[in-house]
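[1] Here is the input, now give the coordinates:
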Amino acid sequence: MAENFDPVAHNRAAWDREVDSGNEWTRPVGSDVIARARAGDWSVVLIGYQPVPRDWFPAELAGVAVLCLASGGGQQGPVLAAAGAAVTVFDNSPRQLGRDEEVAAREGLAIRTVLGDMRDLSAFPDASFGVVFNPVSNVFCPELAPVWRESFRVLRPGGLLLAGFMNPDIYIFDEAALERDELVVRHRLPFSSLDLPEAERQRHYGDGPVEFSHSLTEQIGGQLAAGFVLTHLVEAPHHLDLTGRYMPGYIATRAVRPG
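    Got it, this is the predicted structure:
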């Protein structure tokens, strides 16, 4: 890998390609989902297919400023907007943001979209949002401390950070063995797909996004270090991975910015 490799630029182009290939996290919700959300029957996911508990959100969502952080794809943002929130979707991929714009235009929803790196939320003033909603995406980000610091800054006192992320332990396993339906311990943590020899990385990841296995110290400890107070934590198996038979591959947290 070239020394001047830019993982953010690479992942931006990679997620644009994921839209073209029909990745499940790039497929916009249908009009039926939006209609139910407008009627008060809605749910969104942080991890896999597991709906976020409704009591993780404010009791009344109408008018709440929500930042869907690295959450493009026309899924969570439109649902929250249809439920009454004032939604901004921030993502690294123009094509993913385009999915949210498609649903907004189709359904008459007011959704703001902003392109950028999730480590830099300088587009937003301090205390701009009541909720930051961040489904599994920081696996594609090289470092997390700025993400948590910026999330803390843009939240109002008493605001909520709802985050989903990968259990780093799933990255210890050999990729080729997983494809044979076997669990073979190979990698030390922290792991990045950039650590693989180029030919092997191409074989298993192709031109897809680069991934980073952030530790729980970076994930949970990082939120605490930024000033958040953790209130809830749940786990779920990875829905498309052999490891899901044996261990949780996903973790979701609810944290509050004290005020």
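[2] Quick one: neighbours of the closest residue to residue 213 other than its chain neighbours, just the number.
    Nearest in space to residue 213, with sequence neighbours left out and distances taken as Cβ to Cβ, 6 or more residues apart in numbering, is residue 171 at 3.8 Å. Heads up, the C-betas are built off the backbone N, CA and C, glycines and all. If you count neighbours by other Cβ atoms under 10 Å, residue 171 ends up with 24.
[3] Give me the sheet partners of the strand ranked longest in the chain and which way each runs.
    The longest strand of the chain (DSSP state E) is strand 155-166. Strand 155-166 has the following strand partners under DSSP bridges: strand 129-134 (parallel), strand 248-256 (antiparallel).
[4] returning to that earlier point: correct me, but the residue nearest to residue 213 touches residue 195?
    No. Using Cβ atoms under 8 Å as the test, residue 171 is too far from residue 195 to be in contact (9.7 Å).
[5] Can you pull the residues that touch both of those two?
    Shared contacts of residue 171 and residue 195 (Cβ atoms under 8 Å, 6 or more residues apart in numbering): residue 187.
[6] Who are the contact partners of the residue nearest to residue 213?
    Contacts of residue 171 (Cβ under 8 Å, 6+ apart): 187, 189, 190, 191, 211, 213.
[7] Identify the farthest-apart pair in those residues.
    189 and 211 (12.6 Å; Cβ to Cβ).
[8] which one of those two has more residues nearby?
    residue 211 (18 against 11).
[9] Could I get the pLDDT score of the more buried one?
    The model reports residue 211 with a pLDDT of 96.
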